[in-house]
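Sequence plus predicted model, see below.
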Amino acid sequence: MISSMKVAVRSQFAAVPLWLWLIQILTVSVFQMSFFVLMVDYAGRGSVALEYVALGNALQSVTFVTVYAVCSIPGTEKHAGTLSPVMSTPSRLFTVFVGKAMFQIFAGIITVVISLLFANQVFGVSFGNADLVSVAAVILVTTFAMTGFGLMLGSIGLYARSSSVLASLVLYLGLVLCGVNFPVSSLPSPLQVVSYSLPMTYGVDALREAVAGAGLLSIGGELAIAAFIGSVMIALSYWMFRWFEKLARERGTTDMF
Amino acid sequence: MINIRATSAAFKQQARHFFADPQWVIPSLVAPFTFTIVVLMLFPAVDEPVVLYAVLGGGILGMWGNTLYASGWSVSFDRMNGTLESLLITPTPMVQVVAGRAVWNTLIGLTNAAAVFVVAELAFGTELRLEDPALFFLALAATLLSLATVGLMLSAMFVMTRSSTVLMQILELPIYFISGAMIPVDHLPEAIRPFSYALAPTWGVDAMRQAAGIQGTTVMGLGTGADLLIVAAITSVYLAIALYLFRRMEARARADGSLGRW
Amino acid sequence: MTRASGPAIVVDELTKVYANGGRKRTGAARPAVDGISFSVEQGKIYGLLGPNGAGKTTTIKMLSTLLLPTAGTATVLGLDVSSDHMEIRKHINLVSGGERGLYYRITGKQNLQFFSDLYMVPRRARDENVARLLERVGLSDAADKRVEDYSRGMKQRLHIARALVNDPEVLFLDEPTIGLDPEIARDLRDMIRRMADEQKTVILTTHYMKEAEELCGTIGIISKGKIVASGPPSMLKDLVRDKSIIEVEALNVDEGSIDGLRATEGVQEVVAVKNGDRSILRVQVGSGSDMIPAIVSRLGSCRIVRVSNEEPTLEDAYLSLVSRNDKH
């Protein structure tokens, strides 16, 4: 698993230089946040709404790294033709992908931290009352849970033509469903059910409370739910990796792209 | 040598490729679609001008999204597919072939507009009525062509670098922000505004808004005629850049054979 | 056309040096093509024969205007490849070996129609032309099937059809039969022969000896960017006519034995092909000389399975010329 992580780091920066990769991650997060903050401002909804949106987007920025990038790993491997060789090694496919995903977790945490700094410096979101331990806990748990989500979606990429279509859907639908820019309660009830099955929804809510000063005990419930959902997704993804691996071998689709 | 048949053949071919795998348009359209839906949810009431603004803007951003990804990939696709040589060896300049594809790619981005209009109407009860349909569609066509030309520029640029996927992702969101398609230009930070004015879609969308009869501030207070002239002017500049880039790309390919390999 | 009679292709001291930026090779850049000269009459088939990396593809690319020469000149149909490339492209075409070069998600017919438009084939004639081409390459039944569903042989045939879409006067074929089943390769060669019958000029690169011998009126043997010999197959074989080949099949032949053999008086050339622990040595000696005893004794430590006396083939000429060039 560690060697997969090292490979992921090295290959990531072989194709794309570090500075460019950083710019990519940051541009997407920062521009997205700026877009919605300005939009809220234009709609004349005041600074409370501004903070609401800024924080939501800051945490949601982790999706780009943990879900999209992790989800795309099987697709990228297929495209590079390395999937079949990987599948023929003894280490289970799952552990190889988890190794690669671990690197994305680090990247995800960095992305959120920078986004929060941006929110603070540029949009004046105040952390004066924040419980920093809680904030850190939210970032860690949400990143972990969303990585699990990415792994689960990524396992579909083993079998389907490509997982990146799904990944891009997930990346952006979170904006609508997870209470990132407006409360989940504004959505029609059927959609709310979906919202409450996504870890980001709990993370975003917990973050706002943590920034307002809530301690670990207060947000513990939400974090526990997010962590639980994340764990279930990781377990599911392990099972799905095994099942899809078997199917792909049966149907000969590893090299389909 | 201008070969209009080549351009229309490429347009048709791109359409066929699209219908063979239509799902590939989804990644280009998800962002504009969701952004528009969120914007619609952010407004306190279904306040007509602003909502229509958002719906129209969302449509334009859909065109941008697909232009960026589909046209950006255009030449690289040929390189990967092994058809680049087959194209280069014809007497038709490559740029004319890619132009046809770029027009289709931008056009199909309008499906985003259609999707957004449908959702807006069903879920939010909005109605977009066009005050001056002829002018509206003229402005739409002008905006479409200017975006297609941007796609043309990008396709030449992206084939010359390995980091094209990353660059595409970097370019996507900033344009939403800067183009004034959804957030009025005079609401953007002052430092950003010069960039907005340099983008053809900013003026195209302004003309469309006025033609649709949506109330609100116009860019620099100019009317649709002026807007369209500016679109034409900026598009000509884009076209000149695109032609230059393609010439450079082909010259480089001939000099060191570097486009033959992936 | 701005030329009357005269050779279809004239190459004079053509050279190509790739700048490091293209290949990222360290050390001094060796020319990929180094001052080659030849000419090809209209309606003839000219073959460029050589090992991988010899410069065949680079030469074809320069002549087909895809690559700019670094030095020297080349004209195709009287037009300069560097400056008149757009005009030349109307009258030539190129087939590269392998499966790439077609659009897989559309049909064979649509592929041909697309390229016809790029070549400005008159609208009215276009569809008729496409139908005729598909018939010619035996793909009429598959015309409306997507290319991704074609077999390898079918794809290669479609390539040929694509290359004929503009009825070119000069056709460049870069290893066209590589990787094909023998039957399909044979069909392809028949097609190539027919093109010459239609007065098309064909330049073919290959590393298959038999193919070159069968198809080409003139062969240029290219090695390390230089043409080491050029002429009809019979003339090239004449280069080794005064030689005999003694073929030895033996087990456990080591490099030392081969070097020793080379150093033996009367031995001109040894070409060894190893297959596991079995080796086949083709030993070139002067004809009429009885070298077998000397050879057998030199290979004393190896187990000799078979010894035979052979007539030199084009392959021997080729190997001899190429390995001689390698020593320089």
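Good, I have the coordinates.

now the helices: where do they sit in the chain?
Since you didn't name a chain, this refers to chain A. Ranges of helices in chain A, per DSSP state H, are A:2-15, A:18-42, A:46-60, A:62-63, A:70-80, A:83-87, A:93-123, A:132-157, A:164-177, A:189-195, A:199-211, A:216-251.

wait, I meant chain C there
Here chain C has its helices, by DSSP H, at C:20-23, C:56-63, C:85-89, C:108-118, C:123-136, C:152-164, C:182-197, C:209-215, C:233-238, C:255-263, C:292-298, C:314-326.

do you know how far the closest residue to C:Pro233 other than its chain neighbours is from chain B?
Excluding the flanking residues, the one nearest C:Pro233 by C-beta to C-beta, 6 or more residues apart in numbering or on different chains is C:Glu213, at 4.7 Å. (Glycine included, C-beta is placed from N, CA and C.) According to C-beta to the nearest C-beta, to the nearest Å, C:Glu213 stands 28 Å off from chain B.

per-residue confidence at C:Glu213?
At C:Glu213, the model reports a pLDDT of 88.

I'd guessed it sits against C:Leu314; true?
Yes - if you go by C-beta atoms under 8 Å, C:Glu213 and C:Leu314 touch, sitting 5.2 Å apart.

between these two, what contacts are shared?
Listed as contacting both C:Glu213 and C:Leu314 by C-beta atoms under 8 Å, 6 or more residues apart in numbering or on different chains are C:Pro233.

Give me the nearest residue to the closest residue to chain B within chain C, chain neighbours excluded.
Nearest to chain B in chain C, going by C-beta to the nearest C-beta, is C:Arg100, at a distance of 2.3 Å. With C-beta to C-beta, 6+ apart as the criterion, C:Arg100 has its nearest non-adjacent residue at 2.3 Å, and that residue is B:Gly82.

residues in contact with the closest residue to chain A within the stretch 101-250 of chain B?
Closest residue of the stretch 101-250 of chain B to chain A, C-beta to the nearest C-beta: B:Leu173 (4.0 Å). Each residue near B:Leu173 by C-beta under 8 Å, 6+ apart is listed here: A:Thr27, A:Val28, A:Phe31, A:Gln32, A:Phe35, B:Ala31.

How about B:Ala123?
Contacts of B:Ala123 by C-beta under 8 Å, 6+ apart are B:Leu40.

Mind listing residues that contact stretch B:12-21?
Applying C-beta under 8 Å, 6+ apart, the contact partners of stretch B:12-21 are B:24-25, B:100-101, B:104-105, B:108, C:103, C:105-106, C:110, C:114, C:146.

can you narrow these to ones near chain A?
Contacts with chain A within the contacts of stretch B:12-21, counted by C-beta under 8 Å from any C-beta of the partner chain: B:Trp24.

Let's see the pLDDT reported for the closest residue to C:Ser39 other than its chain neighbours.
Of all residues not flanking C:Ser39 in the chain, C:Pro7 sits nearest, at 4.3 Å (C-beta to C-beta, 6+ apart). With respect to pLDDT, C:Pro7 has a value of 93.

Just the buried residues of the helix or strand harbouring B:Phe33, please?
Assigned by DSSP states H and E, B:Phe33 belongs to helix B:26-42. Going by neighbour count (16 or more other C-beta atoms under 10 Å in any protein chain shown), the buried part of helix B:26-42 is B:27-42.

Next to chain B, which bits of the stretch 51-200 of chain A? Give me the list.
A:Ser164, A:Val165, A:Ser168, A:Leu169, A:Leu171, A:Tyr172, A:Leu173, A:Leu175, A:Val176, A:Asn181, A:Phe182, A:Ser186.
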